[in-house]
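Colleague: Below are the sequence and a predicted model; questions follow.
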Amino acid sequence: MSEKKAWYARIPSPLIMLFLIVVAVAIMTYLLPAGHYERVEVNGRMRVVPGSFSEVPSTPISFFNLFRAFPEGYKVATPVIFICLASALMFSILEKTHTIENAVGRLVHKLGDRHAEWLLVLLTFVYGILGIMVGYENNIATIPIAAVVVLALGGDLVLAAGVSVGGMTVAFGLSPINPYTVGIGHDIAELPLFSGWWLRTILCFGALTITALYNLRYYRRLQADPASGIGRGLDQSGMKLSKPLEEYRLSGRNWWLLGVFLAGLGWVLYGVFTYHWFINDISAVFLIVMVVCALTSGLTGREVTAAGMGAVAQMAPATFIIGMAATVKVLMEQGQIQDTISFGMAEALRGLPSYASAIGMSIGQSGLNLLIPSGSGQALATLPVMIPLGEALGLSRQISILAFQVGDGVTNLFNPSLGGLIAMLSLCRVPFDRWLRFALPLTGIILVWAWLGLMLAVAVGYS
């Protein structure tokens, strides 16, 4: 009698999952009517005109065009792919010179193991604050640091992802000042920018606290039984401390390279806040830091090349998946079903009571998030429809925007179409199926918390 497989053993790889989504989207172009909302340009962005939906001649995706869409998807995803490679190249030099390992070893030795739990909670909040203040892919270069620190504290790579990727994803998704969701939503709704911040702040920091406690619970489980860890057997080479803590010292060259790296991060923060830099600008900084570190590292040209090519090879699977995720967006646009799906979701919510419509709006947005992982893309496509619909259902504009933010933000924890998530998990060397085992229960808990917040919003007339 064959042994029954656990549910997580049946989870396909993100590559297979995305390919199935791509095929499903292509099939949907035959099953759904093509539709189109009229759009107008407002402040440099194309915005949907409410009530303007109409069917248009169908453009179903042929077998040949299905595969032709892949290179188009990779072209769309180029900025995200390149920032992943630039980040990996930069860290390859820091790893080869043992700069990060020596710095973390020294830090953990100074703090002592007795502060491990507090440090894990603090790190989760630090990554959360980075997600709130700086953005998502903008912080990709900081992910390997969490891996080294968490391994030094006796955790595993899955916990490292929970601290960094989990903290950042939750906080960015529910950020009270997220420019890509809340900012665009307030612009569309003609509300003061980031107004109603008090409830979103409670939801965001409550969710971040849940994430920190969830990480702490997993860490305690690891300490009690290391064999129970989801990350057992994962490749920790180059990330795990290689000698006793008391032997770690930072050389003069280590201090210099660490200073160059931190100066680069400071430059990124300055550019983001002062000049509104985006991914290509940040990639340029990472490359400059990499070149300066390589020239002053004391490594030979062959050593630098070997370290860099090794890092690129390690990131290659993630960049391949990122390109495939962008293919979903390309097919939706070519098949002209994106607006049809948005219109259908709006129609399905008509007639529901206020509480159910707020929750239903967030659930519908969660499903749409798998097809349109871009928060700003979703906002521009759906909020011009959802905001007037919400008002007809008795929901204020703030509640409609909050429901959208919850649906888009929380499910990013397990969205295989989100290129940034796949890239960050790759930097932590955590396979997607292992991450799902860790993240799905956390997602469920945070969704319940967020839905309670939505119900409170309806009860108090959040506006």
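Modeller: That came through, no problem.
Colleague: Can you get me a residue count around the residue nearest to residue 140 when sequence neighbours are not counted?
Modeller: The shortest distance from residue 140 to any non-neighbouring residue, by Cβ to Cβ, 6 or more residues apart in numbering, is to residue 87 (5.0 Å). Every residue, glycine included, has its C-beta placed from N, CA and C. If you count neighbours by other Cβ atoms under 10 Å, residue 87 ends up with 28.
Colleague: what's the next secondary structure element after the helix or strand harbouring residue 87?
Modeller: Using DSSP states H and E, residue 87 sits within helix 78-96. Once the chain leaves helix 78-96, the next helix or strand it forms, by DSSP H and E, is helix 99-111.
Colleague: mind checking the longest helix of the chain?
Modeller: Assignment by DSSP state H gives helix 301-335 as the longest helix of the chain.
Colleague: and that helix, average pLDDT?
Modeller: For helix 301-335, mean pLDDT is 90.
Colleague: Name the residues of it that are buried.
Modeller: 304, 307-308, 311, 314-315, 318-319, 321-335 (16 or more other Cβ atoms under 10 Å).
Colleague: now it against helix 78-96, angle please.
Modeller: Angle, helix 301-335 to helix 78-96, by axes from the mean of the first three to the mean of the last three Cα atoms, to 10 degrees: 160 degrees.
Colleague: Next one, pLDDT for residue 7 please.
Modeller: Per-residue pLDDT puts residue 7 at 61.
Colleague: which intervals of the stretch 151-300 of the chain have sub-threshold pLDDT?
Modeller: Regions of the stretch 151-300 of the chain meeting the criterion pLDDT under 70 are absent.
Colleague: quick one, helices of it?
Modeller: Counting by DSSP state H, counting those that start in this stretch, the segments of the stretch 151-300 of the chain that form helices are 157-161, 167-173, 184-189, 197-224, 252-275, 279-296.
Colleague: Turn those into TSV, including distance to residue 39 and mean neighbour count.
Modeller: TSV is the format used below for the helices of the stretch 151-300 of the chain (distance: least, Cβ to Cβ, whole Å; neighbours: other Cβ atoms under 10 Å):
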stretch	distance to residue 39	mean neighbour count
helix 157-161	38	29
helix 167-173	26	28
helix 184-189	12	22
helix 197-224	27	18
helix 252-275	28	16
helix 279-296	24	20
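Colleague: which residues touch residue 277?
Modeller: By Cβ atoms under 8 Å, 6 or more residues apart in numbering, the contact list for residue 277 reads 268, 271.
Colleague: hmm, 10 Å instead?
Modeller: By Cβ atoms under 10 Å, 6 or more residues apart in numbering, residue 277 lies in contact with 135, 138, 267, 268, 269, 270, 271, 283, 284, 285.
Colleague: Please name whichever of the helices of the stretch 151-300 of the chain is nearest to residue 93.
Modeller: helix 279-296 (4.4 Å; Cβ to Cβ).
Colleague: Output that closest one as PDB, restricted to C-alpha atoms.
Modeller: Taking Å, rounded to 0.1, in the frame of the first residue of the first chain, the C-alpha atoms of helix 279-296 are listed here in PDB:
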ATOM      1  CA  ILE A 279      14.300  50.100 -10.200                       C
ATOM      2  CA  ASN A 280      16.800  51.100 -13.000                       C
ATOM      3  CA  ASP A 281      18.300  53.900 -10.900                       C
ATOM      4  CA  ILE A 282      18.800  51.500  -7.900                       C
ATOM      5  CA  SER A 283      20.300  48.900 -10.200                       C
ATOM      6  CA  ALA A 284      22.900  51.500 -11.300                       C
ATOM      7  CA  VAL A 285      23.800  52.200  -7.700                       C
ATOM      8  CA  PHE A 286      24.200  48.500  -7.000                       C
ATOM      9  CA  LEU A 287      26.500  48.100 -10.000                       C
ATOM     10  CA  ILE A 288      28.600  51.100  -8.900                       C
ATOM     11  CA  VAL A 289      29.000  49.600  -5.400                       C
ATOM     12  CA  MET A 290      29.900  46.300  -7.000                       C
ATOM     13  CA  VAL A 291      32.600  47.900  -9.200                       C
ATOM     14  CA  VAL A 292      34.100  49.900  -6.300                       C
ATOM     15  CA  CYS A 293      34.100  46.800  -4.000                       C
ATOM     16  CA  ALA A 294      35.700  44.600  -6.700                       C
ATOM     17  CA  LEU A 295      38.500  47.100  -7.400                       C
ATOM     18  CA  THR A 296      39.300  47.500  -3.700                       C
END
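Colleague: In terms of secondary structure, what does that helix contact?
Modeller: Judged by 3 or more Cβ pairs under 10 Å, 6 or more residues apart in numbering; DSSP states H and E, the packing partners of helix 279-296 are helix 78-96, helix 252-275, helix 301-335.
Colleague: so residue 329 touches residue 368, yeah?
Modeller: No. Under the criterion of Cβ atoms under 10 Å, residue 329 makes no contact with residue 368, lying 11.9 Å away.
Colleague: between these two, what contacts are shared?
Modeller: Common neighbours of residue 329 and residue 368 (Cβ under 10 Å, 6+ apart) are residue 338.
Colleague: quick one: which of the helices of the stretch 151-300 of the chain is nearest residue 349?
Modeller: Comparing those by their distance to residue 349 (Cβ to Cβ), the top pick is helix 184-189, with 16.9 Å.
Colleague: for that closest one, the distance to its chain's centre please.
Modeller: Chain-centre distance of helix 184-189: 22 Å, with Cα atoms, centre = their mean, to the nearest Å.
Colleague: Residues contacting that helix, please?
Modeller: Under Cβ under 10 Å, 6+ apart, the answer for helix 184-189 is 42-43, 45, 47-48, 50, 178-179, 191-196, 375-380, 382-384, 386-388, 390-391, 396-398, 400-402, 404-405.
Colleague: What subset of those residues is buried?
Modeller: Buried subset of the contacts of helix 184-189 (neighbour count, 16+ other Cβ under 10 Å): 47-48, 50, 178-179, 191, 196, 375-380, 382-384, 386-388, 390, 396-398, 400-402, 404-405.
Colleague: Which ones among those lie within helices?
Modeller: Among these, the ones falling in helices (DSSP H) are 375-380, 382-384, 386-388, 390, 397-398, 400-402, 404-405.
Colleague: related to what we said a few turns ago, could you export the contacts of residue 277 to a markdown table, including columns for distance to residue 29?
Modeller: Shown next, in a markdown table, are the contacts of residue 277 (distance: Cβ to Cβ, whole Å):
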| residue | distance to residue 29 |
| --- | --- |
| 135 | 33 |
| 138 | 34 |
| 267 | 44 |
| 268 | 40 |
| 269 | 43 |
| 270 | 45 |
| 271 | 40 |
| 283 | 34 |
| 284 | 38 |
| 285 | 40 |
